[in-house]
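Colleague: just a sequence and a predicted model for now, questions to come.
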Amino acid sequence: MFFKSLLKKPILAIGILLCIISLWDMHRRGFFFSRWEKLQATSCKSVLVMLNKRIPANWTTSCEKNTLSVIVKFQAPNELPIKNLRQVLYRELANNLTFIAKNSLAESLERVSYVQLKIIHPKLTINALGQGKFVIKLKTLTNTQFIKGHLKATVQVQEVPN
């Protein structure tokens with residue numbers, strides 16, 4: 001019955017066929033999926049809302065699925081020896097993770113899968129990766145020895161010489 005009515009009206013059949021082809025092509029190019037992904041609510045996006053209001057100008061933040069990624073361009077004197085530079089960069093790492101913990105919503109940061117922090121200096125780059133549920137505990141720690149021990153236990157760090 002349906003096919004007989006389409007045979008009687010060939011322009012309608014061609015229109016339906018062209019509509020199906022165009023929708024298929026849009027799906028193949030990722031139009032529907034990318035829009036759907038942008039509209040998905042994640043804890044990482046919730047953390048970014050609060051964090052983007054307070055971050056310094058040299059920070060870049062982004063979310064990949066439920067992983068918070070922060071890139072910090074650090075400017076220190078280039079004539080520092082590498083040992084002192086490492087100390088300065090690790091102190092900056094601890095301060096930045098504490099800043100993230102204090103300036104984001106605790107419930108949202110707990111649900112973030114990973115917090116990835118990258119500190120870039122012309123001589124040395126430090127990559128750090130920690131789970132959100134451990135990073136949020138830096139919010140309450142005040143003693144430097146406790147912070148140091150917590151970071152050693154929960155954050156993975158990689159040094160990349162430039």
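Modeller: Structure received.
Colleague: strands of the chain, start to end?
Modeller: Ranges of strands in the chain, per DSSP state E, are 59-64, 67-73, 114-120, 124-131, 155-161.
Colleague: closest to Thr142 out of those?
Modeller: Distance to Thr142, taken as CB to CB, is lowest for strand 155-161 among the strands of the chain, at 17.9 Å. Where C-beta positions appear, they are placed from N, C-alpha and C, glycine not excepted.
Colleague: okay, now the domains of this structure?
Modeller: According to automatic domain parsing, the chain comprises the domains 2-39, 43-161.
Colleague: present the ones you listed as JSON lines; the columns should include mean pLDDT and mean neighbour count.
Modeller: JSON lines is the format used below for the domains of the chain (pLDDT from 0 to 100; neighbours: other CB atoms under 10 Å):
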{"stretch": "domain 2-39", "mean pLDDT": "79", "mean neighbour count": "10"}
{"stretch": "domain 43-161", "mean pLDDT": "91", "mean neighbour count": "16"}
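Colleague: have a look at this structure and report its longest helix.
Modeller: Secondary structure assigned by DSSP state H gives helix 82-102 as the longest helix of the chain.
Colleague: so which elements touch that helix?
Modeller: Contact partners of helix 82-102 among helices and strands, from 3 or more CB pairs under 8 Å, 6 or more residues apart in numbering; DSSP states H and E: strand 67-73, strand 114-120, strand 124-131, helix 132-135, helix 144-154, strand 155-161.
Colleague: take the ones you listed and lay them out in TSV including distance to Lys83.
Modeller: Below are the helices and strands packed on helix 82-102 laid out as TSV (distance: least, CB to CB, whole Å):
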stretch	distance to Lys83
strand 67-73	21
strand 114-120	16
strand 124-131	11
helix 132-135	27
helix 144-154	17
strand 155-161	12
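Colleague: which one of the ones you listed lies closest to Asn84?
Modeller: strand 124-131 (11.1 Å).
Colleague: neighbouring contacts of the closest one?
Modeller: Applying CB atoms under 8 Å, 6 or more residues apart in numbering, the external contacts of strand 124-131 come out as 82, 85-86, 89-90, 93, 97, 113-119, 154-162.
Colleague: 7 Å instead?
Modeller: With contact meaning CB atoms under 7 Å, 6 or more residues apart in numbering, strand 124-131 is reached by 82, 85-86, 89, 93, 114-119, 154-162.
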